[in-house]
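Asker: sequence? don't have it. structure:
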């Protein structure tokens, strides 16, 4: 009777994601529009098969900065992700919030995200909304498309 009441988790508790992709937005170092690259490291804990809670460490380089070097952000944020299915193709929605640093200034920001996992691959679209009131210029929000892999966290 006890085994019928308990639901075992099918996915591993810990997940480590590595990814890269494209970013587009306004550079904090020069206020110019541009496209560039992102790199992410994202450890997460699966509270259930459908809910992951974690951190996202991201570097985004885009737009023309000083002396032709791209401007961008480094960020550390908390994240949450809800999976709609517990099969191999797993669409999700989520959000994150935390600190962004660009041109030596810190700002608060958050991002909604949507995407999917397929096997151990991830594709996600995120829009990073950064509080421009704490920066010395206007809007530095950026859009990113990330493709990556994750280790651990798969089906047991």
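Answerer: Okay, I see it. Quick caveat: nothing in here was measured; it's all calculated off a predicted structure. Numbers count the residues shown, from 1 in each chain.
Asker: Pull the contacting residues for the spatially most central residue of the chain.
Answerer: For the chain, the residue nearest the mean C-alpha position is residue 56 (5.6 Å; Cα atoms, centre = their mean). By Cβ atoms under 8 Å, 6 or more residues apart in numbering, residue 56 lies in contact with 40-42, 75-79, 96, 98. Any C-beta I mention is one placed from the backbone N, CA and C, and that applies to glycine too.
Asker: Buried among the residues you listed? Need that as a selection in PyMOL.
Answerer: Filtering these down to the buried ones (16 or more other Cβ atoms under 10 Å) takes a single PyMOL command:
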select buried, resi 40+42+75+77+79+96+98
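Asker: helices and strands of the protein: which one bottoms out on pLDDT?
Answerer: Least confident helix or strand, the chain: helix 2-5 with a mean of 46, by mean pLDDT, DSSP states H and E.
Asker: if we can go back for a sec, among the contacts of residue 56, find the lowest-pLDDT one for me.
Answerer: Lowest pLDDT among the contacts of residue 56: residue 75, with 92.
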